[in-house]
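>>> can't give you the sequence, but here's the structure:
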């Protein structure tokens with residue numbers, strides 16, 4: 001009997017170890033797949049608990065708590081697989097419930113072993129208490145552990161590196177440090193922003209340095225009175241900048257028709273490091289070229305007619 005319970009613990013340990021290795025080796029895998037894997041582990045544990053109740057413990061010290069634990073694990077496992085979209089948001093709670101019920105089952109087994117006079121009951125009880133203690137520590141350090149796990153994901157998948165210019169939500173700047181808890185970003189205003197790693201892995205990150213070129217886009221409005229070809233020519237002249245990529249020609253096109261103006265779009269390509277210099281220089285060039293060509297840059301206005 002003790003040998004069978006020992007193999008049960010070994011099986012549980014192997015399943016836990018397998019889940020841990022999976023999370024470490026495949027940190028970039030979608031959370032849905034993690035839910036499927038965890039659901040499989042929980043279902044396997046449910047099978048172990050139910051086998052213990054109906055086969056191993058039958059006629060020895062059959063515990064109702066073992067049956068309850070197996071049924072709960074069965075329900076949790078099925079829920080993890082069927083509704084992984086919900087589980088992603090409540091994963092810590094689900095895992096906590098699983099550990100609690102599993103630990104209660106081990107405590108019950110330890111007490112039953114003690115009642116039957118087996119000397120190894122203390123080891124079983126210690127394992128159960130360690131499981132509960134581990135859960136308590138995990139919940140207390142949930143944010144820290146989440147950020148550390150996210151750091152592993154960032155270092156493994158490498159969506160950006162130190163020195164890259166990235167944008168995430170309302171934060172944009174140069175990455176100066178990727179730490180275990182947070183990533184430091186130096187903004188254009190020379191402000192150092194500490195962003196938790198878990199926020200980065202859960203957000204959309206735009207990396208402007210990953211490619212060797214970057215496209216600039218300008219949307220400019222001009223009066224209907226200005227000939228289209230004249231406006232496009234003025235925009236192309238404004239795009240002539242010594243730092244633009246000469247092998248890729250600028251493009252000027254009509255982009256839409258408004259109530260009082262035609263919208264034009266201007267594209268040109270630059271090296272990412274030249275963004276600040278080229279962007280504002282070309283913006284000033286547009287105004288200069290429009291003035292020289294006599295092209296009116298329109299703005300929203302209201303015509304008021306007085307009737308006497």
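On my side now, so go ahead. Owing to the predicted nature of the structure, the values given are computational and were not obtained by experimental measurement. Residues are numbered from 1 along each chain as shown.
>>> Spit out the contact partners of residue 176.
By CB atoms under 8 Å, 6 or more residues apart in numbering, the contact set of residue 176 is 162, 184, 185, 186, 192. Bear in mind the C-beta positions are built from the backbone N, C-alpha and C, glycine included.
>>> which one of those residues has the most neighbours?
residue 185 (24 neighbours; other CB atoms under 10 Å).
>>> Helix, strand, or coil at the nearest residue to that one once chain neighbours are set aside?
Spatially, and ignoring its direct neighbours in sequence, residue 185 is nearest to residue 173 (4.3 Å; CB to CB, 6 or more residues apart in numbering). Secondary structure state of residue 173, per DSSP: H, G, I helix; E, B strand; the rest coil, is strand.
>>> For residue 173, list each beta-bridge partner.
Beta-bridge pairing for residue 173 (DSSP bridges): residue 166.
>>> burial count for it?
Using other CB under 10 Å: residue 173 sits among 21 other residues.
>>> Can you give me the pLDDT of it?
Model confidence at residue 173, given as pLDDT, is 89.
>>> Okay, domains of this protein per the record?
2-140, 156-207, 214-293 (automatic domain parsing).
>>> The residue nearest to residue 185 touches residue 195, doesn't it?
No: between residue 173 and residue 195 there is no contact, the gap being 9.8 Å when judged by CB atoms under 8 Å.
>>> list residues touching both of these two?
residue 185.
>>> For residue 66, which non-adjacent residue is spatially closest?
Nearest to residue 66 is residue 53, by CB to CB, 6+ apart, at 4.5 Å.
>>> can you count the residues close to the one you found?
Residue 53 has 21 nearby residues by other CB under 10 Å.
>>> among the contacts of residue 176, which are in helices?
The members of those all map outside helices under DSSP state H.
>>> With pLDDT added, can I get the residues you listed in a markdown table?
Formatted as a markdown table, the contacts of residue 176 follow (pLDDT from 0 to 100):
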| residue | pLDDT |
| --- | --- |
| 162 | 90 |
| 184 | 93 |
| 185 | 93 |
| 186 | 91 |
| 192 | 91 |
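>>> Flag the helix or strand of the chain with the lowest per-element mean pLDDT.
For the chain, scoring each helix and strand by mean pLDDT, DSSP states H and E identifies helix 2-25 as the least confident one, at a mean of 57.
>>> what's the following helix or strand after it?
Following helix 2-25 in sequence order, the next helix or strand is helix 31-51 (DSSP states H and E).
>>> Quick check: next helix or strand after that following helix?
Heading C-terminal from helix 31-51 (DSSP H and E), you reach helix 64-82.
>>> Same question for that following helix: list its buried residues.
65-70, 72-74, 76-77, 79-81 (16 or more other CB atoms under 10 Å).
>>> Let me know the average pLDDT across it.
For helix 64-82, the per-residue pLDDT averages 79.
>>> Please consider this matter closed, and thank you.
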